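Participant: coords below, sequence missing:
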């Protein structure tokens with residue numbers, strides 16, 4: 001709230017300045033140099049968000065402090081507008097979780113996985129005639145998803161929401177002449193930097209959630225460069241999936257160059 005307005009910070013600072021518990025609109029206006037109307041506007045926003053309390057006494061409309069902000073005034077002002085500092089603050093809405101990892105070694109005879117590329121997928125066979133592009137084509141996630149659905153002849157509806165397992169699921173993907181169930185994790189042009197696991201989902205767990213899908217093929221697609229850490233994580237998850245479910249698991253990345261090849265191989269399927 002405070003980071004969006006310098007006037008709001010002035011009103012907040014004045015209300016919480018000194019030992020006086022309640023201050024009038026006139027007192028705040030005089031101390032801050034703000035017009036009475038401006039004080040009322042900003043104080044109303046602070047009150048609506050439970051940062052101060054409105055009270056009325058013989059002096060008219062006044063504003064009262066909360067003990068929490070009295071004790072933490074300087075810390076609050078320091079963090080206002082500082083997104084990096086706010087991200088590190090532990091709250092019930094932004095818990096800071098320490099994750100411990102346990103390494104588990106699985107017998108090789110329990111694991112059957114294969115890293116594949118778009119050229120190995122029959123459903124994308126047109127790409128085999130398209131040379132690798134050095135200039136990735138920026139495309140929105142929704143647009144690429146619509147194009148994939150056309151290629152796969154997939155008519156299902158897939159809504160984006162914070163907790164979805166995958167962005168697209170289809171049993172119409174063909175690999176080596178066989179139809180397979182495939183789960184796609186897609187990342188569009190809303191992001192421009194290299195894709196790493198922490199960029200996948202709000203909690204950085206989109207790849208882990210992807211492997212919960214009832215599929216044999218798991219594909220991560222991004223319109224730009226994909227870091228090798230994504231491939232490494234997919235390999236580990238594919239190994240676990242294969243060992244637990246006793247079946248072969250394919251995993252694949254489609255980076256910016258291969259995304260461009262798909263778009264060029266299927267003209268008319270993708271709207272940019």
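Facilitator: Received it, and whenever you're ready, just let me know what you need. Quantities reported herein were computed from a predicted structural model and do not represent experimental measurements.

Participant: how about the helices in the stretch 51-200 of the chain?
Facilitator: Here the stretch 51-200 of the chain has its helices, by DSSP state H, counting those that start in this stretch, at 67-79, 83-88, 141-152.

Participant: Quick one: mean pLDDT over the last one.
Facilitator: Spelled out, that is helix 141-152. Averaged across helix 141-152, the pLDDT comes to 94.

Participant: which strands and helices sit next to it?
Facilitator: Contacts defined by 3 or more Cβ pairs under 8 Å, 6 or more residues apart in numbering; DSSP states H and E place helix 141-152 against strand 168-175, strand 178-187, helix 256-265. Glycine gets a C-beta too; all of them are placed from N, C-alpha and C.

Participant: which of the residues in it are buried?
Facilitator: 141, 143, 144, 145, 147, 148, 149, 151, 152 (16 or more other Cβ atoms under 10 Å).

Participant: Quick one: distance of that helix to the chain centre.
Facilitator: 20 Å (Cα atoms, centre = their mean, to the nearest Å).

Participant: now it and strand 168-175, what's the angle there?
Facilitator: 40 degrees (axes from the mean of the first three to the mean of the last three Cα atoms, to 10 degrees).

Participant: The first one now?
Facilitator: When the same axes, to 10 degrees is applied, the directions of helix 67-79 and strand 168-175 differ by 40 degrees.

Participant: Point out the other helices and strands that helix 67-79 packs with.
Facilitator: Packing partners of helix 67-79 (3+ Cβ pairs under 8 Å, 6+ apart): helix 6-15, helix 83-88.

Participant: Buried ones in it, by neighbour count?
Facilitator: The neighbour-count check on helix 67-79 (16+ other Cβ under 10 Å) flags 69, 73, 76, 77, 79 as buried.

Participant: Kindly report the same for stretch 236-255.
Facilitator: 236-243, 249-255.

Participant: Let me see the residues that make contact with it.
Facilitator: 106, 110-118, 120-121, 136, 175, 180, 207-208, 211, 216-222, 224-226, 230-231, 234-235, 262 (Cβ atoms under 8 Å, 6 or more residues apart in numbering).

Participant: Surely residue 165 and residue 183 touch.
Facilitator: Yes. Judged on Cβ atoms under 8 Å, residue 165 makes contact with residue 183 at a distance of 7.1 Å.

Participant: Between those two, which is the more surrounded one?
Facilitator: Using other Cβ atoms under 10 Å, the more surrounded residue of residue 165 and residue 183 is residue 183, with 23 against 16.

Participant: Let me know whether residue 149 touches residue 167 as I believe.
Facilitator: No. Residue 149 is not in contact with residue 167 according to Cβ under 8 Å; the separation is 11.0 Å.

Participant: what do residue 165 and residue 183 both touch?
Facilitator: Residues touching both residue 165 and residue 183 comprise 210, 213, with contact defined as Cβ under 8 Å, 6+ apart.
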